[in-house]
Structures are given as structure tokens and as C-alpha cells.
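# sequence unknown, structure follows:
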């Protein structure tokens, strides 16, 4: 039973179209059902939306296109929104063969289908990124946040090497309810942004940088050692994770 189906059941009880005992029996039957679909190679968690407010998300790395497509079909058949991260065009075509209405976001490397009852966030999530090389991770965060029911504002190419670009957009920064800041190199941008606003800042280090960046470790350590208040940090290149945290904040 999806969240929207449960809400419909409760609405029918409220309107007097269904007696409470029958509704309770149907809910118990649904809860007793297996909370996952066993595909042999994967167990699709179709109850995650009920527990966490958003369906299971498919990580495309390490899966074959046919495996991704099979999992996607189960999620969509359950009436839930679909998000596949780190997906290439081959995976997209495999998913589209089974779920024709999906959309491929090339910059984000994500496959999506919006459906079901996804609650709207209360404000705007701003996604800021330092440079154009950080765009794939920033777009992963933006697409994720949008699918989770949030209004998203994109503020790109505002790294600290040209600080005036960021300072000219302070009104947009201050109007956000949560900010995801994506940066590689030395990872300084989240500290600067957090020093200008009173809302939570979720820092996403990227693997962008030269040799001493160590594949994003330098940015990660810089963000973990931020001197600004209100900065939390997710793992390297984890735009999806940054968006999830911002979405939780925006739905509070």
C-alpha cells in the first residue's frame, strides 16, 4: 500500500464511505504483506516510502542495464516515484523499454519519473556550485531535490576565485530555507556561504581538482574543518545525499 492509497483510505473513512473496521482490516493486510519484492538478484524495498517519506532510490553503479530496468519496473508498479542515480544512456534505454514515461537528465546522469503523492517542501532549496566542472554533482542534487517535492534555485559557477560573483547573489542565498554547496579544489565555498546566511548549509565535496586534491579528499577535509557555523558535510561527489538532507530540512 502506497502513501497515497493509505491517505485515500483514511479520507473515505472520514467521509463516511468506508467503516473504520474495514479500513483497519485492509491496512493490516497491507502491512502483513512482504515489505519487499524479491527479484532474485535484488530485494526491492516497496515500503520505504511509508517509513521514510520517499521510495527506494536505485544507484546505477555496479548494476547491469537489465537489472536497473527490472528494479525500476517494480518501483513504478507500486505507484512510487522513480529515481536512478549514476545512470548512463544504455541504462536509460533499458528502463524506458519497461517504463516508457521516464526522463533522462544527462547532466545529472539520472533517470526519473514523478508519480505518487510526494509532499511539497515549505521553501526553496538553493544549489550552489563553485565551477562548471562541479555541475554533474550539482545537477544530481538539483534533480533529486526536485523529485522529492522541493522548489529548487540553481546558482552555478560562483567559486571563491571570483568572490564577487557570489556576493552579487546574496538576496537569493538569504531567501533559501536550506543550501547545498558543491565544490572541489580546496572546498572553501561552503564556509563562505555559511558566513552569509542563517540557514543550514550542506557541503558536498567533489573529486574535481589537481593532484594534491587527492580525488576530493582535500575538499572533504577542508569542509569538515569549516570555521563557519551551520555546515554539515556529506561524502565526496554525493550530490544525492546532500539533496536528501536539504529535503528533510525543507519539509520540517
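Noted; the coordinates are in hand. Here the structure is a predicted model, which is why all the values come from computation and not from measurement. Numbers count the residues shown, from 1 in each chain.
# surely residue 179 meets residue 246?
Yes: using CB atoms under 8 Å, residue 179 is in contact with residue 246, at 7.5 Å. C-betas here are computed from N, CA, C, even on glycine.
# where does residue 30 land on pLDDT?
In this model, residue 30 is scored at 69, pLDDT.
# what's the overlap in contacts for residue 179 and residue 246?
125, 200, 202 (CB atoms under 8 Å, 6 or more residues apart in numbering).
# the residues you listed in helices, which ones?
Using DSSP state H to define helices, no part of the shared contacts of residue 179 and residue 246 is located there.
# strands paired with the host helix or strand of residue 154, and their directions?
Secondary structure assigned from DSSP states H and E places residue 154 in strand 151-155. Take DSSP bridges as the rule and strand 151-155 pairs in its sheet with strand 124-129 (parallel).
# so how far is residue 156 from the residue nearest to the spatial centre of the chain?
Among the residues of the chain, the one closest to the centroid is residue 144, at 3.1 Å (CA atoms, centre = their mean). Distance of residue 144 to residue 156, given as CB to CB, to the nearest Å: 16 Å.
# so what's the residue count around residue 209?
Residues lying near residue 209 (other CB atoms under 10 Å) number 20.
# residues contacting it?
Here residue 209 is in contact with 184-186, 215-216, 218-219 (criterion: CB under 8 Å, 6+ apart).
# try 7 Å
Counting by CB atoms under 7 Å, 6 or more residues apart in numbering, residue 209 makes contact with 184-185, 218-219.
# could you do residue 73 as well?
98-99 are the contacts of residue 73 under CB under 7 Å, 6+ apart.
# could you rerun that using 6 Å?
Shown in contact with residue 73 (CB atoms under 6 Å, 6 or more residues apart in numbering): residue 98.
# where's it, which helix or strand?
Counting by DSSP H and E, residue 73 is found in helix 65-77.
# poorly predicted segments of this structure, please.
For the chain, applying pLDDT under 70 flags the ranges 1-3, 30-34.
# quick revisit: now what about the strand holding residue 154, what contacts it?
124-128, 142, 145-146, 169.
# buried residues in it, which are they?
Within strand 151-155, the residues scored as buried using 16 or more other CB atoms under 10 Å are 151-153, 155.
# next: stretch 76-91.
Using 16+ other CB under 10 Å as the test for burial, stretch 76-91 gives 76, 78-87, 91.
# next: stretch 200-218.
200-209, 213, 215-216, 218.
# before we move on, what about stretch 239-252?
Here stretch 239-252 shows 239-251 as buried, counting by 16+ other CB under 10 Å.
# give me the residues contacting the strand or helix carrying residue 7.
In this structure, residue 7 sits in helix 3-14 according to DSSP H and E. With contact meaning CB under 6 Å, 6+ apart, helix 3-14 is reached by 18, 20, 23, 49, 116-117.
# reformat those as CSV; add distance to residue 6.
Formatted as CSV, these follow (distance: CB to CB, whole Å):
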residue, distance to residue 6
18, 13
20, 14
23, 10
49, 10
116, 11
117, 9
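# now the residues you listed: which count as buried?
By 16+ other CB under 10 Å, these give 18, 23, 49, 116-117 as buried.
# and these, which is closest to residue 43?
Nearest to residue 43 among the buried ones among the contacts of helix 3-14 is residue 49, at 15.5 Å by CB to CB.
# which parts of the helix holding residue 73 are buried?
By neighbour count on 16+ other CB under 10 Å, the buried set for helix 65-77 is 65, 67-76.
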